[in-house]
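[1] Just a sequence and a predicted model for now, questions to come.
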Amino acid sequence: MDTPRLRRLATTELDAAEIVAIRSIMDDAFGTDEDERFTDDDWDHAVGGVHFVLDLGGVIVSHAAVVERRLWVAERPLRTGYVEAVATAPAHQGAGHGSQVMTAATTWIRRHDELGCLGTGRQAFYERLGWRTWHGPSSVRAADGLERTPDDDGYLMVLATPTSPVLDPASPISCEWRPGDVW
């Protein structure tokens, strides 16, 4: 059995073959359902950050990215490590590979950011790693001001870090606008 190798890479350090492999994992893991599939916007959201890549025998089987974003909690801006593009190749799911890349991403955020955040429908997976569901109302900062994103309420999870202020998880949370899914 191959020993897993976990690497931390900047986007600029990923070669073309690695990007193709990661995108393939995302496509396979998220499927083709219109509401769930992994889009080009989703990939763009993961670019420019730090990638946690796990391979077996030189084949990438799991990935997570952390990108810097500014989120506002109760109107307080926080430097946030935002988790994007988390998936494990379907043939390798259930072996702990997703937990390995997310443990590395979580450790990175705790060392570098005031807050961690991600959006998911799989809260139990992340709760094991210290993430907590955000219960306050979510919004996006659009050109016209705050616009509620009620579909994201209860979908967001946060990670406190050593530099996090005391946060009330019922407070409003907002992000900057971006193409595709704002959260």
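    On my side now, so go ahead.
[2] can we go C-alpha only for contacts and neighbour counts from here?
    Fine.
[3] Can you give me the neighbour number for the nearest residue to residue 150 once chain neighbours are set aside?
    Beyond its immediate neighbours in the sequence, the residue positioned closest to residue 150 (Cα to Cα, 6 or more residues apart in numbering) is residue 138, lying 6.4 Å away. Taking other Cα atoms under 10 Å as the criterion, the count of residues near residue 138 is 25.
[4] Relative to residue 155, how far out is residue 138?
    For residue 138, the distance to residue 155 equals 9 Å [Cα to Cα, to the nearest Å].
[5] Please apply the same query to residue 30.
    Distance of residue 30 to residue 155, given as Cα to Cα: 17 Å.
[6] Between the two, point out the one with more neighbours.
    Residue environment comparison for residue 30 versus residue 155 gives the larger neighbour count to residue 30, 21 against 18, counting by other Cα under 10 Å.
[7] Once you drop chain neighbours, what's closest to the more buried one?
    Spatial nearest neighbour of residue 30, excluding adjacent residues (Cα to Cα, 6+ apart): residue 37 at 5.0 Å.
[8] How far away from the center of its chain is the longest strand belonging to the chain?
    Determined from DSSP state E, the single longest strand within the chain is strand 59-73. Using Cα atoms, centre = their mean, to the nearest Å, the mean C-alpha position of strand 59-73 is found 4 Å from that of the whole chain.
[9] What pairs with that strand, parallel or antiparallel?
    Partner strands and pairing direction for strand 59-73 (DSSP bridges) are strand 50-56 (antiparallel), strand 76-88 (antiparallel), strand 173-176 (antiparallel).
[10] now the helices: where do they sit in this structure?
    16-30, 40-46, 97-112, 123-127 (DSSP state H).
[11] What helices and strands are in contact with the last one?
    Helix 123-127 makes packing contacts with strand 132-133 when contacts are defined by 3 or more Cα pairs under 8 Å, 6 or more residues apart in numbering; DSSP states H and E.
[12] For the strand it packs on, which strands pair with it and how are they oriented?
    Strand pairing for strand 132-133, using DSSP bridges, gives strand 156-160 (antiparallel).
[13] got the contact list for the strand it pairs with?
    Among residues not part of strand 156-160, those counted as contacts by Cα atoms under 8 Å, 6 or more residues apart in numbering are 106, 110, 114-120, 123, 130-134.
[14] go on, stretch 174-183?
    Looking at stretch 174-183 with Cα under 8 Å, 6+ apart, the contacting residues turn out to be 41-42, 69-73, 118-119, 138-142, 146, 152.
[15] just the buried members of the residues you listed?
    Taking 16 or more other Cα atoms under 10 Å as the criterion, what is buried in the contacts of stretch 174-183 is 42, 69-73, 118-119, 138-141, 152.
[16] Dump those into TSV; add pLDDT and distance to residue 168 as well.
    Compiled in TSV, the buried ones among the contacts of stretch 174-183 are given as follows (pLDDT from 0 to 100; distance: Cα to Cα, whole Å):
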residue	pLDDT	distance to residue 168
42	93	29
69	98	20
70	98	18
71	98	14
72	98	12
73	97	9
118	98	17
119	95	18
138	98	13
139	98	16
140	98	19
141	97	20
152	96	17
